[in-house]
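Q: Got a sequence here, can you build the structure:
(4 chains)
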There are 2 protein chains.
Amino acid sequence: MTSEGRGLHARLLACLGPEITSGEYPPGTVLRTDALERRFDVSRTVVREAVRVLESMRLVSSRRRVGVTVRPTEEWNVFDPQVIRWRLAGSDRPRQLRSLTMLRSAVEPVAAGLAARLATPRQCAELTEHALGMVATSRGQQLDAYLVHDVAFHRVVLRASGNEMFAKLGDVVAEVLAGRTEHHVMFTDPDPAAVTLHVQVAEAVRTRDEDRAERLTREITTGAMAELDVLAP
Amino acid sequence: MTSEGRGLHARLLACLGPEITSGEYPPGTVLRTDALERRFDVSRTVVREAVRVLESMRLVSSRRRVGVTVRPTEEWNVFDPQVIRWRLAGSDRPRQLRSLTMLRSAVEPVAAGLAARLATPRQCAELTEHALGMVATSRGQQLDAYLVHDVAFHRVVLRASGNEMFAKLGDVVAEVLAGRTEHHVMFTDPDPAAVTLHVQVAEAVRTRDEDRAERLTREITTGAMAELDVLAP
DNA sequence: CGTCCAATAAGTATTACATTTTAGTGAAGC
DNA sequence: GCTTCACTAAAATGTAATACTTATTGGACG
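A: Model (predicted):
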């Protein structure tokens, strides 16, 4: 895990972040630094460092004479992995999961098409390896092991696309997949059709069939979208 | 502009951010806080606040006994609007512009399809208005006025998709369009074909023709991609 | 060699105080 | 009554001095 770690200010963040993103403090709420100081029993410096970070995530804005104000949701940096994690852990997880899965649906097929053109032999091998790993773990309550391969597979595809923005979405995909496994927004065993599709995508990338890689990946993501509609109403 | 604004720490950021993202301090470089203190003639507190923000953008990591280390590029929060802006202003703008345009190509068509299903009458009207605005300003060196309508058009589409992640990409698109106009990665007058396509997208959304909206938007974005290949090699 | 321990260097945290901005208030003037 | 302007006070912003923690380094000792 990237955060929640050391440093007093990090602990402050780990409390405040979720509280804000969960809507516990609705937009417009003002938090005064000295109140936070007392509440968490930390020094001013620590509070200010935490506030600075929240500010850079555009969750709050700090103005003199008024205090630290919670910003409206539309202004949040919803692509910040930390914000994503907080929101996925919170109450509007379903909505969040839907947004993110839709993003996947848009990006991953394109990335797969690019990957088919650009993937290195090594990446092709990794793809096949993880696809087979998914097959091997797709039966008998091995969701955790399956998840590892699933995440790795999609990371490789996104990285192989050669686009750094796409590559960075690997983190988002990881959160989504982990989130849906963890929170049981998934059948007890993975959909066999999806597993097959992954194997086929690996094949399409290996054989440089861009269109097929794109089409198959689109099937995977629309499947994920459909699954979400069934399991998380 | 969202940043560079008040506060000493913000000014520090406005210096350090570009320096790091431009590669002036290559990954692995360590910056010591007391060195920064002296260099910018500010107090420890200010330096630490700035460092905290850079850390949350994952541009640097701060460890005891070693200092503030610049992280490798792959770990940066490349979706942070601030980071995007710094990089677009820097030396690897072409590469950056290509990544972002590719992201647009992936997302906008999907968003347009959704918009055709979900756009409110008001949003349809705005779309038409801005499309017509583009037509009106597409000739005779009115690139600035054209840009305003272009940005607004895409913002409305992305917002109308109903997906908050897509909506947030409006900022990114704005940066891209502004960037390419500003840096003359564009013909002196906009491509007439593109202008027509915008009008048609507005029409498709208004008539709830999801497929057509998606297809036309895909034409726009692939056009943008192609234009980039021609003008920024 | 390898282990342990002390020195040290760096970020981390607290405290107290000074400065700056600005919302809010209320009085003067139109 | 409404505007305007200056004052006040609240809150964030910035500085400085000081103490704390914790990795790393390197040397002493087994």
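
Q: Tell me which residues are up against the strand or helix carrying A:Ala14.
A: Using DSSP states H and E, A:Ala14 sits within helix A:8-21. For helix A:8-21, contacts defined as Cβ atoms under 8 Å, 6 or more residues apart in numbering or on different chains pick out A:3-4, A:25, A:31, A:36, A:40, A:42, A:46-47, A:49-50, A:53-54, A:57, A:59-60, A:70, A:76, A:82-83, A:86-87, A:89-90, B:52. The way it works is simple: take the backbone N, C-alpha and C, and place the C-beta from them, glycine included.

Q: make it 7 Å
A: A:3-4, A:25, A:40, A:42, A:46-47, A:49-50, A:53-54, A:59-60, A:70, A:82-83, A:86-87, A:89-90, B:52 (Cβ atoms under 7 Å, 6 or more residues apart in numbering or on different chains).

Q: now swap in stretch A:94-106 and tell me
A: Contacts of stretch A:94-106 (Cβ under 7 Å, 6+ apart): A:87-88, A:172-173, A:176, A:179-180, A:185, A:221-222, A:224-225, A:228, A:232, B:106-107, B:110, B:163-165.

Q: out of the residues you listed, which are buried?
A: A:87-88, A:172-173, A:176, A:179-180, A:185, A:221, A:224, A:228, A:232, B:106-107, B:110, B:163-165 (16 or more other Cβ atoms under 10 Å in any protein chain shown).

Q: Please flag which of the residues you listed sit within helices.
A: The members of the buried ones among the contacts of stretch A:94-106 that map onto helices under DSSP state H are A:87-88, A:172-173, A:176, A:179-180, A:221, A:224, A:228, B:106-107, B:110, B:164-165.

Q: quick one: which of the residues you listed is nearest DNA strand D?
A: Comparing these against DNA strand D with Cβ to the nearest atom of the strand picks out A:Arg87 as the nearest, at 24.6 Å.

Q: Please name the residues that touch the closest one.
A: Per Cβ under 7 Å, 6+ apart, neighbours of A:Arg87: A:21, A:96.

Q: if you set the cut-off to 8 Å instead, what comes out?
A: A:21-22, A:78, A:93, A:96.

Q: for chain A, what spans make up the helices?
A: A:8-21, A:33-40, A:44-56, A:81-89, A:93-118, A:121-136, A:143-160, A:164-182, A:192-206, A:210-231.

Q: quick one on the thing from earlier: considering only the contacts of helix A:8-21, which also neighbour DNA strand C?
A: Residues of the contacts of helix A:8-21 in contact with DNA strand C (Cβ under 7 Å from any atom of the strand): A:42, A:46, A:49.

Q: Which residue ranges make up the domains of chain A?
A: A:8-75, A:92-231 (automatic domain parsing).

Q: one step back: most neighbours among the ones next to DNA strand C among the contacts of helix A:8-21, which one is it?
A: The residue in these with the most neighbours, by other Cβ atoms under 10 Å in any protein chain shown, is A:Glu49 (26 neighbours).

Q: if I pick it, what's in contact with it?
A: Per Cβ under 8 Å, 6+ apart, neighbours of A:Glu49: A:9, B:48-49, B:52.

Q: Quick one: name the residues of chain A near chain B.
A: When proximity is defined as Cβ under 8 Å from any Cβ of the partner chain, chain A approaches chain B at A:9, A:45, A:48-49, A:52-53, A:55-57, A:73-74, A:77-82, A:99-100, A:102-103, A:105-107, A:109-111, A:114, A:163-168.

Q: tell me the contacts of the most centrally placed residue in chain A?
A: By Cα atoms, centre = their mean, chain A has its centre lying nearest to A:Val172, at 2.5 Å. Listed by Cβ under 8 Å, 6+ apart, the contact set of A:Val172 reads A:79, A:81, A:84, A:100, A:103-104.

Q: Apply 10 Å and report the result again.
A: A:79, A:81, A:84-85, A:100, A:103-104, A:107, A:154, A:158, B:79, B:165 (Cβ atoms under 10 Å, 6 or more residues apart in numbering or on different chains).

Q: measure it to A:His9 for me?
A: A:Val172 is 25 Å from A:His9, where distance means Cβ to Cβ, to the nearest Å.

Q: same thing with A:Thr128?
A: A:Thr128 is 44 Å from A:His9, by Cβ to Cβ.

Q: Looking only at neighbour counts, state which of those two leads.
A: Comparing A:Thr128 with A:His9 by other Cβ under 10 Å, the one with more neighbours is A:His9, at 23 against 17.

Q: Nearest spatial neighbour of that one, chain-adjacent residues omitted?
A: A:Glu49 (4.2 Å; Cβ to Cβ, 6 or more residues apart in numbering or on different chains).

Q: re the thing from before, possible to save the domains of chain A as a markdown table with mean pLDDT?
A: Below are the domains of chain A laid out as a markdown table (pLDDT from 0 to 100):
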| stretch | mean pLDDT |
| --- | --- |
| domain A:8-75 | 95 |
| domain A:92-231 | 93 |
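
Q: Need those in JSON lines (columns: distance to DNA strand D).
A: Below are those laid out as JSON lines (distance: least, Cβ to the nearest atom of the strand, whole Å):
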{"stretch": "domain A:8-75", "distance to DNA strand D": "4"}
{"stretch": "domain A:92-231", "distance to DNA strand D": "25"}
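
Q: Pick the most deeply packed of those.
A: With neighbours defined as mean count of other Cβ atoms under 10 Å in any protein chain shown, those peak in mean count at domain A:92-231, which reaches a mean of 19.

Q: for that one, how far is the first residue from the last?
A: 15 Å (Cα to Cα, to the nearest Å).

Q: swap in stretch A:179-197?
A: Stretch A:179-197: ends 21 Å apart by Cα to Cα.

Q: again with stretch A:112-130
A: First residue to last in stretch A:112-130 (Cα to Cα) measures 15 Å.

Q: Can you name the residues of chain A sitting close to DNA strand C?
A: Looking at DNA strand C, the residues of chain A close enough under Cβ under 7 Å from any atom of the strand are A:6-9, A:42-46, A:49, A:63-66.

Q: between the residues you listed, which is closest to A:Thr196?
A: A:Arg6 (44.2 Å; Cβ to Cβ).
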